[in-house]
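Q: From the sequence below, what's the structure:
(one chain, ligands or ions: 1)
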Amino acid sequence: MSSPLTIPGPPGLPLLGNIMDVNPSNTWWSLRTLAEKYGEIFKIKVLGHEIVFVASAALAEEICDETRFRKFVGGPIVEIRYAVHDALFTAYDHEESWGIAHRIIAPHLSTESVADHFDELLLCTDELIAKWTKGLEPGAKFQPLKDLNNLNLEATMLTLFGKKLGAIKMKEGEEHPMIQAMEDATSEAMRRPNRPKLLNWLLYNGKWKEATKTMRAFAVELIQYRAVHSTGRKDLLWALMNATDPETGKKLTDSQVIDEIVSMPIGSSTAPCSITASILFLLQNPKVVAEAREELGRVVGDGALKQDHIAQLKYIQGIVRETLRLSCAAPGFNIEPIPSKNGDKSPILLQGGKYQIAHNQAMIVVLAGVNRDPAVFEEPLKFKPERMVGDNFSKLPAGVKKWFGNGKRECIGKHWAWEFLMVVTAKLIKEVDFQAVDEQYVMKQDGWFNVRPIDFYVTAKARGA
Ligand code: HEM
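A: Next comes the predicted model:
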């Protein structure tokens with residue numbers, strides 16, 4: 001067998017490593033650029049730590065093999081434990097708390113449970129559409145992301161925790177304070193691993209603690225609200241507060257209930273990033289809108305969208321998947337080799353020995369590379385929903401369908417997210433005509449635990465008005 005290839009990467013500086021190759025204010029965009037330059041695999045060194053990035057479908061599929069690899073809980077994920085401790089997203093592999101929380105929460109985020117909340121999702125979406133089509137001055141420009149963030153928080157809180165926040169009614173361009181706190185916490189969690197600890201402690205602890213306080217106080221308010229308005233709902237909040245894990249018989253502690261409540265809107269905040277990207281892709285592809293409207297006419301007609309329609313809207317499903325692929329709203333996830341039980345520290349071979357990594361090497365799957373892999377997709381940068389429908393979708397390799405992560409640590413909110421994306425996308429296409437304020441706008445993204453189009457403004461009116 002020939003010897004493994006050297007994993008490429010930018011040269012870097014003697015002591016600082018590749019600190020100049022990654023913009024701390026837009027890490028994921030830097031990684032996307034590095035993936036474009038170096039291809040399927042590359043490495044960088046930051047503060048003495050080497051990180052390997054995987055950016056092809058084949059390699060992503062290989063390291064998603066749960067017999068060899070698992071989620072790496074490191075960097076920003078460890079940092080955000082300050083706010084949510086050993087919650088689902090942040091738990092180490094060995095922590096019992098993950099299984100307990102997973103078994104308590106998963107049934108309340110199943111396809112069936114989510115479908116039960118269809119009317120609530122519709123209510124929130126109708127409210128936003130009314131705001132955009134009747135509540136604004138005709139021709140007023142706005143950033144759809146901000147209102148969609150509010151819609152997502154509102155819908156998450158109403159469906160999972162039974163409280164109507166009133167976030168959609170916020171003044172144009174304003175977001176609910178919880179959204180700012182999540183932004184502050186996740187941005188700080190991304191930056192902290194790349195700064196000396198002393199600097200974090202001296203200069204950045206104030207905002208960090210404040211954001212955590214706001215998020216946890218928000219969760220406590222929900223719990224108190226439920227105590228006063230106990231409606232008999234058996235929703236996710238009920239389960240977090242009352243349910244027992246069928247395997248261990250354990251319940252969540254009061255602090256763990258808060259941890260999981262805070263984790264849900266942080267996870268969910270990826271969905272509005274995806275919808276914003278959909279609006280952009282649809283504006284750039286009027287033929288796709290026409291085909292989607294033809295499908296809506298055929299399946300839904302002039303009446304209201306119903307839960308039964310969702311499974312029939314195949315082309316719109318293609319739009320949602322193609323947006324998840326191309327927007328990379330959740331930009332990546334972390335993987336490491338499963339430690340050997342006998343302490344073997346031999347290197348790990350990838351692609352049958354083409355590459356070699358250390359036995360404990362942390363890796364990050366960069367979806368901007370994987371999802372646009374030219375080995376899989378013809379014209380990977382084009383928005384083509386038809387490649388995400390029926391047989392075309394089934395035939396795609398598993399590595400390019402990882403927008404919800406992998407294996408046991410795959411997104412627990414994926415059915416909720418799917419329902420939300422389908423309802424909102426279908427309703428917006430059916431009922432709203434958007435216009436880009438800048439017709440030449442080219443997608444630029446930034447973000448922390450998720451990425452979203454920035455500086456993207458539109459105007460909106462009721463369809464056909
Ligand atoms: C478009 C929408 C969404 C996308 C693309 C997405 C993507 C992801 C990805 C890639 C992961 C794996 C992270 C990792 O391996 O470190 C993940 C995990 C997670 N997501 Fe989502 N997510 C979305 C919506 C949601 C929603 C709506 C919720 C909650 C209602 C949620 C809650 C979570 C949680 C709690 C985890 C951690 C699961 C665990 O480790 O057991 N996400 N998500």
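Q: Which residue does the stretch 201-350 of the chain have closest to the ligand?
A: residue 267 (2.3 Å; C-beta to the nearest ligand atom). In short, each C-beta sits where N, CA and C put it, glycine included.
Q: need the next SSE after the helix or strand where that residue lies, C-terminal direction.
A: Secondary structure assigned from DSSP states H and E places residue 267 in helix 254-268. Using DSSP H and E, the helix or strand that directly follows helix 254-268 along the chain is helix 270-284.
Q: Quick one: list the elements packing against the lengthiest helix in the chain.
A: Assignment by DSSP state H gives helix 205-228 as the longest helix of the chain. With contacts taken as 3 or more C-beta pairs under 8 Å, 6 or more residues apart in numbering; DSSP states H and E, helix 205-228 sits against helix 81-84, helix 144-161, helix 177-191, helix 236-242, helix 254-268.
Q: winner for burial among the ones you listed?
A: helix 144-161 (a mean of 24; mean count of other C-beta atoms under 10 Å).
Q: how many degrees apart are that one and helix 254-268 in direction?
A: 140 degrees (axes from the mean of the first three to the mean of the last three C-alpha atoms, to 10 degrees).
Q: same for helix 144-161, what does it pack against?
A: helix 118-130, helix 177-191, helix 205-228, helix 236-242, helix 254-268, helix 270-284, helix 414-431.
Q: Now tabulate these in TSV and tack on mean pLDDT.
A: Formatted as TSV, these follow (pLDDT from 0 to 100):
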stretch	mean pLDDT
helix 118-130	98
helix 177-191	97
helix 205-228	97
helix 236-242	98
helix 254-268	98
helix 270-284	98
helix 414-431	98
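Q: Out of those, which is closest to residue 140?
A: With C-beta to C-beta as the measure, helix 118-130 is the member of the helices and strands packed on helix 144-161 nearest residue 140 (14.4 Å).
Q: residues of the closest one that come out buried?
A: 118, 120-125, 127-129 (16 or more other C-beta atoms under 10 Å).
Q: Within reach of the ligand, which of these are there?
A: The subset of those within reach of the ligand, counting by C-beta under 6 Å from any ligand atom, is empty.
Q: Just name the closest of those to the ligand, please.
A: Nearest to the ligand among the buried residues of helix 118-130, with distances taken as C-beta to the nearest ligand atom, is residue 121, at 11.4 Å.
Q: What residues does the stretch 151-300 of the chain have near the ligand?
A: So the stretch 151-300 of the chain meets the ligand at 156, 263-264, 267-268, 270-271, 274 (C-beta under 6 Å from any ligand atom).
Q: can you pull the contacts of the residue of the stretch 201-350 of the chain closest to the ligand?
A: 89, 411-413 (C-beta atoms under 8 Å, 6 or more residues apart in numbering).
Q: just the buried members of the residues you listed?
A: 89, 411-413.
Q: The residues you listed: which ones sit near the ligand?
A: 89, 411-413.
Q: now, among these, which is nearest to residue 258?
A: Among these, and counting by C-beta to C-beta, the member closest to residue 258 is residue 89, at 14.1 Å.
Q: which ones are touching the closest one?
A: By C-beta under 8 Å, 6+ apart, the residues touching residue 89 are 77, 80, 263, 266-267.
Q: What strand or helix carries the closest residue to residue 374 other than its chain neighbours?
A: Nearest residue to residue 374, sequence neighbours excluded (C-beta to C-beta, 6 or more residues apart in numbering): residue 380, at 5.4 Å. According to DSSP H and E, residue 380 maps onto no helix or strand at all.
Q: Thought residue 372 was touching residue 380, still the case?
A: Yes. With contact defined as C-beta atoms under 8 Å, residue 380 counts as touching residue 372 (4.1 Å).
Q: Make sure residue 150 is actually in contact with residue 179.
A: Yes. Residue 150 lies in contact with residue 179 (C-beta under 8 Å); the separation is 7.2 Å.
Q: For the stretch 301-450 of the chain, just list every one of the helices.
A: 307-310, 314-327, 367-370, 390-394, 414-431 (DSSP state H, counting those that start in this stretch).
Q: export those helices to TSV and tack on distance to the ligand?
A: Shown next, in TSV, are the helices of the stretch 301-450 of the chain (distance: least, C-beta to the nearest ligand atom, whole Å):
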stretch	distance to the ligand
helix 307-310	15
helix 314-327	6
helix 367-370	8
helix 390-394	17
helix 414-431	4
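Q: Nearest to residue 93, out of these?
A: Across the helices of the stretch 301-450 of the chain, residue 93 has its closest neighbour in helix 414-431 (20.2 Å, C-beta to C-beta).
Q: Now do the closest one: which elements does it pack against?
A: Looks like helix 414-431 contacts helix 111-116, helix 118-130, helix 144-161, helix 254-268, helix 270-284, helix 286-299, helix 307-310, helix 314-327 (3+ C-beta pairs under 8 Å, 6+ apart).
Q: The same query, at a cut-off of 6 Å, please.
A: helix 111-116, helix 118-130, helix 270-284, helix 314-327 (3 or more C-beta pairs under 6 Å, 6 or more residues apart in numbering; DSSP states H and E).
Q: Just want the angle from that helix to helix 314-327.
A: 110 degrees.
Q: quick one: helix 414-431 to chain centroid distance?
A: Helix 414-431 sits 15 Å away from the centroid of its parent chain (C-alpha atoms, centre = their mean, to the nearest Å).
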